[in-house]
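Chemist: The sequence and its predicted three-dimensional model are supplied below.
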Amino acid sequence: EITKEQQAFMKVIVDSYNRHQIPQDVTKKLLQEQYSAEENFILLTEMATSQVQVLVEFTKNIPGFLSLDHEDQIALLKGSAVEAMFLRSAQVLSTKMPNGHTEVLEERIRNSGISEEFMTPMFNFYKSIGKLHMVQEEQALLTAVTILTPDRPFVKDHPAVERLQEPMLEVLRKLCALHHPREPQYFARLLGRLTELRTLNHYHTEMLTSWRMNDQKFTPLLCEIWDV
Ligand SMILES: Cc1cc(C(=O)O[C@@H]2C[C@H]3CC[C@]2(C)C3(C)C)ccc1N
(Lines give C-alpha, C1' and ligand atoms only; values in the text may rest on other atoms or scores of the structure.)
Protein backbone atom coordinates (compact mmCIF):
# COMPACT_ATOMS: atom_id res chain seq x y z
CA GLU A 1 0.00 0.00 0.00
CA ILE A 2 1.02 3.67 0.40
CA THR A 3 4.40 3.62 2.12
CA LYS A 4 5.49 6.01 4.87
CA GLU A 5 7.73 8.01 2.55
CA GLN A 6 4.98 8.17 -0.10
CA GLN A 7 2.65 9.54 2.57
CA ALA A 8 5.22 12.20 3.56
CA PHE A 9 5.78 13.04 -0.11
CA MET A 10 2.04 13.36 -0.70
CA LYS A 11 1.55 15.52 2.40
CA VAL A 12 4.06 18.09 1.10
CA ILE A 13 2.16 18.37 -2.19
CA VAL A 14 -1.36 18.41 -0.69
CA ASP A 15 -0.47 20.97 2.00
CA SER A 16 1.09 23.21 -0.63
CA TYR A 17 -1.94 22.78 -2.89
CA ASN A 18 -4.32 23.77 -0.09
CA ARG A 19 -2.09 26.55 1.23
CA HIS A 20 -1.95 28.28 -2.14
CA GLN A 21 -5.65 28.92 -2.75
CA ILE A 22 -6.93 31.76 -4.92
CA PRO A 23 -7.14 34.82 -2.65
CA GLN A 24 -10.57 35.34 -1.08
CA ASP A 25 -10.77 38.93 -2.32
CA VAL A 26 -10.74 37.71 -5.93
CA THR A 27 -13.57 35.25 -5.35
CA LYS A 28 -15.45 37.81 -3.20
CA LYS A 29 -15.31 40.35 -6.04
CA LEU A 30 -17.02 37.78 -8.24
CA LEU A 31 -20.20 38.47 -6.26
CA GLN A 32 -19.83 42.21 -5.70
CA GLU A 33 -18.60 43.91 -8.83
CA GLN A 34 -21.28 45.03 -11.26
CA TYR A 35 -22.05 42.82 -14.18
CA SER A 36 -20.88 43.84 -17.68
CA ALA A 37 -18.72 42.10 -20.28
CA GLU A 38 -15.98 44.63 -19.54
CA GLU A 39 -16.20 44.19 -15.76
CA ASN A 40 -16.39 40.41 -16.11
CA PHE A 41 -13.26 40.36 -18.25
CA ILE A 42 -11.38 42.45 -15.70
CA LEU A 43 -12.41 39.98 -12.98
CA LEU A 44 -11.26 37.02 -15.05
CA THR A 45 -7.97 38.80 -15.67
CA GLU A 46 -7.50 39.20 -11.92
CA MET A 47 -8.50 35.58 -11.38
CA ALA A 48 -6.12 34.30 -14.07
CA THR A 49 -3.28 36.45 -12.72
CA SER A 50 -3.76 35.17 -9.18
CA GLN A 51 -4.07 31.61 -10.51
CA VAL A 52 -0.66 31.95 -12.17
CA GLN A 53 0.84 33.25 -8.92
CA VAL A 54 -0.71 30.34 -7.00
CA LEU A 55 0.58 27.94 -9.67
CA VAL A 56 4.16 29.21 -9.38
CA GLU A 57 4.11 28.89 -5.57
CA PHE A 58 2.63 25.38 -5.74
CA THR A 59 5.17 24.28 -8.38
CA LYS A 60 8.13 25.49 -6.33
CA ASN A 61 7.04 23.15 -3.52
CA ILE A 62 6.89 20.03 -5.71
CA PRO A 63 9.73 17.83 -4.36
CA GLY A 64 12.68 17.99 -6.73
CA PHE A 65 11.30 20.71 -9.01
CA LEU A 66 13.80 23.37 -7.96
CA SER A 67 16.69 20.99 -8.61
CA LEU A 68 15.73 20.74 -12.30
CA ASP A 69 17.60 22.78 -14.91
CA HIS A 70 16.34 26.39 -14.54
CA GLU A 71 15.34 26.75 -18.17
CA ASP A 72 13.43 23.48 -17.92
CA GLN A 73 11.63 24.83 -14.84
CA ILE A 74 10.40 27.78 -16.92
CA ALA A 75 9.50 25.54 -19.88
CA LEU A 76 7.43 23.28 -17.58
CA LEU A 77 5.61 26.23 -15.98
CA LYS A 78 4.81 27.91 -19.29
CA GLY A 79 3.86 24.61 -20.90
CA SER A 80 1.47 23.58 -18.13
CA ALA A 81 0.01 26.91 -16.95
CA VAL A 82 -3.22 26.75 -18.98
CA GLU A 83 -3.87 23.11 -18.06
CA ALA A 84 -3.17 23.71 -14.37
CA MET A 85 -5.49 26.74 -14.45
CA PHE A 86 -8.30 24.85 -16.13
CA LEU A 87 -7.81 22.04 -13.63
CA ARG A 88 -7.86 24.43 -10.68
CA SER A 89 -10.86 26.39 -11.94
CA ALA A 90 -12.69 23.14 -12.74
CA GLN A 91 -12.12 22.05 -9.17
CA VAL A 92 -13.10 25.48 -7.82
CA LEU A 93 -16.25 25.46 -9.96
CA SER A 94 -17.22 21.89 -9.20
CA THR A 95 -16.43 21.73 -5.47
CA LYS A 96 -14.78 24.56 -3.46
CA MET A 97 -17.22 27.39 -4.14
CA PRO A 98 -19.88 28.13 -1.55
CA ASN A 99 -23.15 27.50 -3.39
CA GLY A 100 -24.28 30.46 -5.44
CA HIS A 101 -20.70 31.50 -6.23
CA THR A 102 -20.39 28.80 -8.87
CA GLU A 103 -23.33 30.07 -10.89
CA VAL A 104 -22.06 33.66 -10.68
CA LEU A 105 -18.54 32.67 -11.77
CA GLU A 106 -19.97 30.56 -14.57
CA GLU A 107 -22.18 33.46 -15.73
CA ARG A 108 -19.26 35.90 -15.63
CA ILE A 109 -17.09 33.55 -17.66
CA ARG A 110 -19.93 33.14 -20.17
CA ASN A 111 -20.26 36.91 -20.48
CA SER A 112 -16.68 38.11 -20.66
CA GLY A 113 -15.95 38.23 -24.36
CA ILE A 114 -14.94 34.58 -24.62
CA SER A 115 -16.63 33.35 -27.79
CA GLU A 116 -19.13 30.50 -27.71
CA GLU A 117 -16.91 28.04 -29.60
CA PHE A 118 -14.43 27.96 -26.66
CA MET A 119 -17.12 28.10 -24.02
CA THR A 120 -18.56 24.68 -24.88
CA PRO A 121 -15.35 22.62 -24.58
CA MET A 122 -14.41 24.57 -21.46
CA PHE A 123 -17.66 23.85 -19.64
CA ASN A 124 -17.75 20.27 -20.91
CA PHE A 125 -14.37 19.85 -19.24
CA TYR A 126 -15.63 21.41 -16.01
CA LYS A 127 -18.56 18.97 -16.03
CA SER A 128 -16.34 15.94 -16.72
CA ILE A 129 -14.05 16.93 -13.83
CA GLY A 130 -17.03 17.46 -11.53
CA LYS A 131 -18.37 13.96 -12.31
CA LEU A 132 -15.11 12.41 -11.06
CA HIS A 133 -15.66 13.66 -7.49
CA MET A 134 -11.90 13.80 -6.91
CA VAL A 135 -10.68 14.00 -3.33
CA GLN A 136 -8.29 16.88 -2.64
CA GLU A 137 -5.22 14.62 -2.56
CA GLU A 138 -6.08 13.44 -6.08
CA GLN A 139 -6.60 17.04 -7.23
CA ALA A 140 -3.22 18.12 -5.84
CA LEU A 141 -1.35 15.14 -7.31
CA LEU A 142 -3.09 15.37 -10.67
CA THR A 143 -2.03 19.03 -10.88
CA ALA A 144 1.57 18.10 -9.96
CA VAL A 145 1.54 15.30 -12.58
CA THR A 146 0.29 17.81 -15.18
CA ILE A 147 3.04 20.29 -14.37
CA LEU A 148 5.71 17.57 -14.57
CA THR A 149 4.79 16.49 -18.09
CA PRO A 150 8.17 15.77 -19.76
CA ASP A 151 7.11 16.44 -23.36
CA ARG A 152 6.39 20.16 -23.09
CA PRO A 153 7.95 22.42 -25.73
CA PHE A 154 11.60 23.39 -25.09
CA VAL A 155 12.16 20.91 -22.22
CA LYS A 156 15.76 19.68 -22.64
CA ASP A 157 16.23 17.03 -19.93
CA HIS A 158 13.12 14.80 -20.39
CA PRO A 159 14.46 11.93 -18.23
CA ALA A 160 14.95 14.28 -15.25
CA VAL A 161 11.29 15.35 -15.47
CA GLU A 162 10.11 11.74 -15.92
CA ARG A 163 12.05 10.76 -12.77
CA LEU A 164 9.99 13.33 -10.84
CA GLN A 165 6.67 12.51 -12.48
CA GLU A 166 6.86 8.73 -12.08
CA PRO A 167 6.71 8.55 -8.25
CA MET A 168 3.80 11.00 -8.38
CA LEU A 169 1.88 8.80 -10.81
CA GLU A 170 2.56 5.81 -8.54
CA VAL A 171 1.13 7.59 -5.47
CA LEU A 172 -1.84 8.87 -7.52
CA ARG A 173 -2.56 5.33 -8.72
CA LYS A 174 -2.59 4.03 -5.13
CA LEU A 175 -4.77 6.96 -3.99
CA CYS A 176 -7.34 6.19 -6.68
CA ALA A 177 -7.50 2.54 -5.58
CA LEU A 178 -7.84 3.67 -1.97
CA HIS A 179 -10.57 6.31 -2.48
CA HIS A 180 -12.46 4.65 -5.33
CA PRO A 181 -12.27 0.92 -4.51
CA ARG A 182 -15.36 0.07 -6.58
CA GLU A 183 -14.01 1.82 -9.71
CA PRO A 184 -10.90 -0.08 -10.87
CA GLN A 185 -10.76 2.14 -13.99
CA TYR A 186 -10.83 5.39 -12.00
CA PHE A 187 -7.07 6.05 -12.34
CA ALA A 188 -7.27 5.51 -16.11
CA ARG A 189 -10.25 7.92 -16.31
CA LEU A 190 -8.26 10.50 -14.36
CA LEU A 191 -5.36 10.29 -16.82
CA GLY A 192 -7.88 10.51 -19.65
CA ARG A 193 -8.84 13.96 -18.35
CA LEU A 194 -5.23 15.06 -18.96
CA THR A 195 -5.71 14.25 -22.64
CA GLU A 196 -8.91 16.31 -22.70
CA LEU A 197 -6.97 19.11 -20.94
CA ARG A 198 -4.43 19.26 -23.75
CA THR A 199 -7.16 20.03 -26.26
CA LEU A 200 -8.08 23.09 -24.16
CA ASN A 201 -4.59 24.51 -24.79
CA HIS A 202 -5.57 25.02 -28.39
CA TYR A 203 -8.86 26.77 -27.50
CA HIS A 204 -7.07 28.91 -24.95
CA THR A 205 -4.60 30.19 -27.52
CA GLU A 206 -7.56 31.15 -29.72
CA MET A 207 -9.20 32.88 -26.72
CA LEU A 208 -6.06 34.94 -26.13
CA THR A 209 -5.85 35.90 -29.80
CA SER A 210 -9.49 37.00 -29.95
CA TRP A 211 -9.06 39.04 -26.75
CA ARG A 212 -5.91 40.58 -28.19
CA MET A 213 -7.76 41.51 -31.33
CA ASN A 214 -10.37 43.37 -29.28
CA ASP A 215 -7.45 45.18 -27.69
CA GLN A 216 -8.33 43.83 -24.24
CA LYS A 217 -5.67 44.54 -21.64
CA PHE A 218 -3.62 41.77 -20.01
CA THR A 219 -1.43 41.90 -16.91
CA PRO A 220 2.38 41.64 -17.33
CA LEU A 221 2.41 38.21 -15.63
CA LEU A 222 -0.15 36.80 -18.09
CA CYS A 223 1.80 38.28 -21.01
CA GLU A 224 4.97 36.63 -19.72
CA ILE A 225 3.54 33.17 -19.03
CA TRP A 226 1.82 32.99 -22.42
CA ASP A 227 4.24 35.03 -24.52
CA VAL A 228 1.47 37.42 -25.60
C1 LIG B 1 -4.98 36.89 -20.69
C2 LIG B 1 -6.14 36.40 -19.89
C3 LIG B 1 -6.33 35.07 -19.72
C4 LIG B 1 -7.41 34.62 -18.97
C5 LIG B 1 -7.59 33.19 -18.78
O6 LIG B 1 -6.85 32.38 -19.30
O7 LIG B 1 -8.62 32.82 -17.95
C8 LIG B 1 -8.68 31.47 -17.64
C9 LIG B 1 -9.52 30.72 -18.65
C10 LIG B 1 -10.54 29.98 -17.78
C11 LIG B 1 -9.77 28.99 -16.92
C12 LIG B 1 -9.04 29.88 -15.92
C13 LIG B 1 -9.42 31.26 -16.33
C14 LIG B 1 -9.21 32.33 -15.33
C15 LIG B 1 -10.86 31.08 -16.77
C16 LIG B 1 -11.74 30.57 -15.63
C17 LIG B 1 -11.47 32.27 -17.40
C18 LIG B 1 -8.32 35.49 -18.38
C19 LIG B 1 -8.12 36.87 -18.59
C20 LIG B 1 -7.04 37.33 -19.33
N21 LIG B 1 -6.82 38.70 -19.52
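Modeler: Nice, thanks for sending it over.
Chemist: who touches the residue nearest the centre of the chain in this structure?
Modeler: By CA atoms, centre = their mean, the mean C-alpha position of the chain lies nearest to residue 84, the distance being 2.1 Å. The contact partners of residue 84, by CB atoms under 8 Å, 6 or more residues apart in numbering, come to 51, 55, 143, 146-147. C-beta: built from backbone N, CA, C; applies to glycine.
Chemist: Residue numbers of the chain in contact with the ligand?
Modeler: Residues of the chain found near the ligand (CB under 6 Å from any ligand atom) are 44-45, 47-48, 51, 85-86, 89, 109, 204, 208, 218, 222.
Chemist: can you pull the pLDDT of the closest residue to residue 91 other than its chain neighbours?
Modeler: Nearest non-adjacent residue to residue 91, counting by CB to CB, 6 or more residues apart in numbering: residue 139, 5.2 Å away. On pLDDT, residue 139 comes in at 95.
Chemist: Give the other helices and strands that whatever helix or strand residue 139 lives in contacts.
Modeler: Using DSSP states H and E, residue 139 sits within helix 136-147. Where contact means 3 or more CB pairs under 8 Å, 6 or more residues apart in numbering; DSSP states H and E, helix 136-147 is packed against helix 4-19, helix 37-60, helix 70-91, helix 158-179, helix 186-213.
Chemist: Pick the most deeply packed of those.
Modeler: Highest mean neighbour count of the helices and strands packed on helix 136-147: helix 70-91, a mean of 20 (counted as mean count of other CB atoms under 10 Å).
Chemist: Which element is encountered next along the chain beyond it?
Modeler: helix 101-110.
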